[in-house]
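Chemist: Below are the sequence and a predicted model for it; my questions follow.
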Amino acid sequence: MTRRAFQLAALTLVCSLAGAQKLSAPTFYVAARVDDCSGGNIRLRGVTNLPEGAIVGAAAARMVGNGWSYASEPAYGTVDKIGSFVIQLHPKSEERFVPNLLVHVFFGPAYHAQPISVLAIVGRKGEKLGDFNNPQFGQVSGEDYYLETIVRVYWCAGAK
C-alpha cells in the first residue's frame, strides 16, 4: 500500500468514526440563519437541541440609536424530531424588510406557552435551560430564563 493510499484509508476511517458519534452540547442552544428574504418575507431556518415540540420565536428588527425597533411581529416555529425549525416573518404594515436587519431568535416559557412535555425537560420557568456559562442563556424578571441569539439579514431581494 502506498503512503497516499494509507493516508486516504486512515482519513476515511476517522471520518466514518466521527460520523458515527453522536454530537452533544454542554447545555441547550438555538442557532439559525436567514434562508430567504424575498417576496417581502423572511424565512428563517434553525437547529436546536431543545426537545421536540418546543416553540421557538423570532422577530426582525432594525437598529435605532443604541437600541432596536421591531420591523415584524413575533412569529413562531415548532422544533421537529431532528431538532430543526422554520419560522416565516412578515413585516409590520408600515415596514419593509431590507438588508442588515437583525432577527432576534428566542426561546423561553415566559415568552410563549410551551407544551407540557417540553416544560418537563426545560422547567416551568426555563430553570433547566443551563446557566450563565452559556452565552445564549439569560434571565428576565424573577426566576424566568430564556435562550436567545441574533441573526443578521445580509440581503433582501427587491430591497431598495
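Modeler: Nice, I can see it. These numbers come from a predicted model, not from an experiment.
Chemist: how close does V98 sit to P115?
Modeler: V98 is 35 Å from P115, where distance means Cβ to Cβ, to the nearest Å. No exception for glycine: its C-beta is placed from N, CA and C like everyone else's.
Chemist: Of those two, which one has the most company?
Modeler: Between V98 and P115, counted using other Cβ atoms under 10 Å, the more crowded position is V98 (17 against 13).
Chemist: Would you agree the more buried one is in contact with A157?
Modeler: No: with contacts counted by Cβ atoms under 8 Å, V98 stays clear of A157, the gap being 10.9 Å.
Chemist: Can you classify the residue nearest to P51 when sequence neighbours are not counted by secondary structure?
Modeler: The spatially closest residue to P51, leaving aside those adjacent along the chain, is I121, at 4.7 Å (Cβ to Cβ, 6 or more residues apart in numbering). Using DSSP: H, G, I helix; E, B strand; the rest coil, the secondary structure recorded for I121 is helix.
Chemist: What separation is there between F28 and F106?
Modeler: Taken as Cβ to Cβ, the span from F28 to F106 is 12 Å.
Chemist: Name the surrounding residues that touch the strand or helix carrying L44.
Modeler: Using DSSP states H and E, L44 sits within strand 41-48. Identification of contacts with strand 41-48 by Cβ atoms under 8 Å, 6 or more residues apart in numbering yields 28-37, 54, 56, 58, 60, 72, 77, 79, 83-91, 97, 101, 103, 105, 107, 151, 153, 156.
Chemist: Please enumerate the helices of this protein.
Modeler: 3-20, 116-122 (DSSP state H).
Chemist: averaging pLDDT over each of the ones you listed, which comes out lowest?
Modeler: The stretch with the lowest mean pLDDT among the helices of the chain is helix 3-20, at a mean of 51.
Chemist: rewinding a little: would you give the sheet partners of the strand holding L44, along with the direction of each?
Modeler: According to DSSP bridges, strand 41-48 has the following sheet partners: strand 30-38 (antiparallel), strand 84-89 (antiparallel).
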